[in-house]
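Peer 1: here you go, sequence then predicted model.
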Amino acid sequence: MLMGYIPTTRLKSIKNKAAQRRALANLFHSCMHKVFSPIETYGKTGIAMATGNGIWYHCHPILATFIGDYPEQTLVTCTLNGRCPKCLVPRDEIGSNTRFPSRNFAAAVNAFSLSDGDPTAFHAACRDASLKPTYHPFWEQLPFSNIFLSISPDILHQLHQGILKHVVHWVAQVESDEIDARCGCLLLNHNARHFQNGFTWLKRLTGQEHKDVSRILLGVVVDLTLPGLQSSARLARLVRAILDFIYLSQYPVHTTESLGDMDTALTQFHENKDVLIELGVRQHFNIPKLHSLLHYTRSIRHFGTADNYNTEQSERLHIDYAKKAFRATNFKNEYKQMTVYLERLEAIHQHAAFIDWCKGG
Ligand SMILES: [Zn+2]
């Protein structure tokens, strides 16, 4: 359900870039604070809520997970760009397979509680906690919540449009002509998209195209002839490991064993990634999205399988709730018209559901 629109202003009137960024972050947090304010009270006192089958329960609504792409994650958690929103990994260790302690929620709240006092002390406290100085983040007073823990895995942005995109790009840099030629040689098939001219030259692939590429990627990489006639076994192992991880993370049900397989696949990726440095494709692997994979199994244990918090659904709603609603207006003072449009649409859907229910007797 759409709760509100957040201003898209860039605050161009503020000329100093750093001050502009800070003001935008503060504006975002103050909007979110308004949206979440009922939770502050009802999370503690509870409120009566009905389930779909009409039974009333006394519920305590809390902020459980936050889904979004990396820039939104850093904005929400007030972390510095290039750092992990969930743990205290140093900037130059982001590409390693080492787990670091989680961010301390209590310490963050203590640092932000100084924002009304002396600015120097406040900035120093934020620096010590490696957080951006933000004026009272919206999650500061939310009961039973830990924003750092709440940042969830995101299959669309982190896997398909993130790591897989990187891997396709890296592999293409090693040997693009041969890979494209192999794609063209594949027989037509109902279960795999036919990239007649290959895929290494394609720019800006969609999530669906990345899914299609991942079906054939391993097949076209195996046994490649690498520069200097070296064996491509390690490259194939790297691609296989990352594909294993991507497919395992989408399981609708998980067991201890399948979660263990995810960690094993990730370890295999890290064990073989040096091949890309030797081939001159990469100098380092300090990519925040690659680091985020380390947090997947823990998040799945906490919040359930990753299909519960995939951004694919919410990205789709952006079309219905923002783009279509905007098109339904006369483009002048559009905000009010958009909300009226959505309210009417909702009423029509509810009435249609009611008529269907009546017809069913
Ligand atoms: Zn981390």
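Peer 2: Looks like it arrived, so ask away. The shown structure was predicted, so the numbers you read here are calculated from the model rather than taken from an experiment.
Peer 1: show me what the helix or strand of the chain with the lowest mean pLDDT is in contact with.
Peer 2: Using mean pLDDT, DSSP states H and E, helix 311-318 stands out as the lowest-scoring helix or strand of the chain, at a mean of 83. Residues outside helix 311-318 that contact it (CB atoms under 8 Å, 6 or more residues apart in numbering): Leu2, Ile67, Gly68, Asp69, Asp154, Ile155, Leu156, His157, Gly207. (Each C-beta comes from the backbone N, C-alpha and C, glycine too.)
Peer 1: drop anything exposed from those residues.
Peer 2: Those of those that meet the buried threshold are Ile67, Gly68, Asp69, Asp154, Ile155, Leu156, His157, Gly207, by 16 or more other CB atoms under 10 Å.
Peer 1: now those as a markdown table including secondary structure and distance to the ion?
Peer 2: A markdown table is the format used below for the buried ones among the contacts of helix 311-318 (DSSP: H, G, I helix; E, B strand; the rest coil; distance: CB to the ion, whole Å):
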| residue | secondary structure | distance to the ion |
| --- | --- | --- |
| Ile67 | coil | 17 |
| Gly68 | coil | 16 |
| Asp69 | coil | 16 |
| Asp154 | coil | 14 |
| Ile155 | helix | 17 |
| Leu156 | helix | 19 |
| His157 | helix | 16 |
| Gly207 | helix | 24 |
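Peer 1: re the thing from before, what's the following helix or strand after the least confident helix or strand of the chain?
Peer 2: helix 325-327 (DSSP states H and E).
Peer 1: avg pLDDT for the next helix or strand after that next one?
Peer 2: Per DSSP H and E, the first helix or strand lying C-terminal to helix 325-327 is helix 334-359. Averaging pLDDT along helix 334-359 gives 93.
Peer 1: mind giving me the packing neighbours of helix 334-359?
Peer 2: helix 325-327 (3 or more CB pairs under 8 Å, 6 or more residues apart in numbering; DSSP states H and E).
Peer 1: buried ones in the helix it packs on?
Peer 2: Ala325.
Peer 1: over to stretch 273-290?
Peer 2: Buried, per 16+ other CB under 10 Å, within stretch 273-290: Lys273, Val275, Leu276, Leu279, Arg282, Phe285, Asn286, Ile287, Pro288, Lys289, Leu290.
Peer 1: switch these over to JSON lines; also include distance to the ion, secondary structure and pLDDT.
Peer 2: Listed next are the buried residues of stretch 273-290 as JSON lines, based on distance: CB to the ion, whole Å; DSSP: H, G, I helix; E, B strand; the rest coil; pLDDT from 0 to 100:
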{"residue": "Lys273", "distance to the ion": "17", "secondary structure": "coil", "pLDDT": "94"}
{"residue": "Val275", "distance to the ion": "24", "secondary structure": "helix", "pLDDT": "92"}
{"residue": "Leu276", "distance to the ion": "22", "secondary structure": "helix", "pLDDT": "93"}
{"residue": "Leu279", "distance to the ion": "27", "secondary structure": "coil", "pLDDT": "90"}
{"residue": "Arg282", "distance to the ion": "20", "secondary structure": "coil", "pLDDT": "93"}
{"residue": "Phe285", "distance to the ion": "14", "secondary structure": "coil", "pLDDT": "94"}
{"residue": "Asn286", "distance to the ion": "12", "secondary structure": "coil", "pLDDT": "93"}
{"residue": "Ile287", "distance to the ion": "12", "secondary structure": "coil", "pLDDT": "94"}
{"residue": "Pro288", "distance to the ion": "8", "secondary structure": "helix", "pLDDT": "93"}
{"residue": "Lys289", "distance to the ion": "11", "secondary structure": "helix", "pLDDT": "93"}
{"residue": "Leu290", "distance to the ion": "11", "secondary structure": "helix", "pLDDT": "94"}
